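1. After the sequence you'll find the predicted model.
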Amino acid sequence: GAGVSQSPSNKVTEKGKDVELRCDPISGHTALYWYRQSLGQGLEFLIYFQGNSAPDKSGLPSDRFSAERTGGSVSTLTIQRTQQEDSAVYLCASRTGTGASRYGYTFGSGTRLTVV
Amino acid sequence: AQSVTQLDSHVSVSEGTPVLLRCNYSSSYSPSLFWYVQHPNKGLQLLLKYTSAATLVKGINGFEAEFKKSETSFHLTKPSAHMSDAAEYFCVVSDGSSNTGKLIFGQGTTLQVKP
């Protein structure tokens, strides 16, 4: 597509429920990133995909968080047994190329997750 | 390890006056540096990027930034602020210590533009 698409744009869930957040990157972009933006924590890296593999998962905050990418395209971030501290905006970004890049990334508009 | 420090959490200017948003970086590698802007309830938009070419980088909407290695700075400037510039601005460095290209964000600077 023309840009990075994320869905849903807003999600309200009850504490303890599981949620799935979706990212549809720009067609042909092999690298995909998930970030979390929360008050007081700024923007934090969560996970990096190159194709369907995730060579860097170092930013996932706990084992309740997981992500997958299929067909080198769409990615899903899953949060199990959500907690109130998971409330944040989850941003997805994609770019071309492998490894360290000197080029900008295209971000989606994010999913605002609220855990009540 | 790479890091960026945005020296001001909040900057307020009058419309038509210059804008200066300050950023210092720390990097053991030749850094790639970016400025992103985020308008309320919008995604992140790339303003400009430095990738070891010209040290004075021009971006969109009249913004520019100068890479100063001796000062480890990458300050963002604009000669004349417009009301539409009110937003959150992030200074960002690309992590050169790994092969992932992940971005490391500063804490952000909120720019307020007064009429």
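-> Thanks, I have it.
2. Chain B: strands as residue ranges?
-> Assigned strands in chain B, in chain order: B:3-6, B:10-14, B:19-21, B:23-26, B:33-38, B:44-50, B:56-58, B:64-68, B:73-78, B:87-94, B:103-105, B:109-114 (criterion: DSSP state E).
3. Partner strands of the second one and their direction?
-> Using DSSP bridges, the strands paired with strand B:10-14 are strand B:109-114 (parallel).
4. repeat for the third one
-> Its sheet considered, strand B:19-21 pairs with strand B:73-78 (antiparallel) by DSSP bridges.
5. quick one: buried residues of the strand it pairs with?
-> Of the residues in strand B:73-78, those buried by neighbour count under the rule 16 or more other C-beta atoms under 10 Å in any protein chain shown are B:73-76, B:78. The C-beta positions use only the backbone N, C-alpha and C, and glycine is treated the same way.
6. now stretch B:104-115
-> B:104-106, B:108-109, B:111, B:113.
7. ditto for stretch A:84-97
-> For stretch A:84-97, a neighbour-count test (16+ other C-beta under 10 Å) marks A:86-95 as buried.
8. Could I get the residues you listed in CSV, plus columns for distance to residue A:20, pLDDT and secondary structure?
-> Conversion of these to CSV gives the following (distance: C-beta to C-beta, whole Å; pLDDT from 0 to 100; DSSP: H, G, I helix; E, B strand; the rest coil):
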residue, distance to residue A:20, pLDDT, secondary structure
A:86, 13, 96, helix
A:87, 16, 96, coil
A:88, 15, 96, strand
A:89, 16, 95, strand
A:90, 11, 97, strand
A:91, 16, 96, strand
A:92, 13, 96, strand
A:93, 19, 94, strand
A:94, 18, 93, strand
A:95, 23, 87, strand
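9. who in chain B is up against chain A?
-> Contacts of chain B with chain A, taken as C-beta under 8 Å from any C-beta of the partner chain, map to B:32, B:34, B:36, B:42-46, B:49, B:51-52, B:90, B:94-96, B:98-108.
10. Which among those count as buried?
-> The buried subset of the residues of chain B next to chain A - by 16+ other C-beta under 10 Å - is B:32, B:34, B:36, B:43-46, B:49, B:51, B:90, B:94-96, B:100-106, B:108.
11. ok, of the buried residues of strand B:73-78, which one's closest to residue B:18?
-> residue B:78 (6.8 Å; C-beta to C-beta).
12. The residue nearest to the closest one when sequence neighbours are not counted: neighbouring residues, count only.
-> If the residues on either side of it in the chain are set aside, residue B:78 comes closest to residue B:19, at 4.2 Å by C-beta to C-beta, 6 or more residues apart in numbering or on different chains. Under the neighbour criterion other C-beta atoms under 10 Å in any protein chain shown, residue B:19 is assigned a count of 19.
13. pretty sure residue B:111 is touching residue B:8, no?
-> No: with contacts defined as C-beta atoms under 8 Å, residue B:111 does not count as touching residue B:8, sitting 9.4 Å away.
14. Common neighbours of these two, please.
-> Residues within reach of residue B:111 and of residue B:8 at once, by C-beta atoms under 8 Å, 6 or more residues apart in numbering or on different chains, are residue B:21.
15. Lovely, talk soon.
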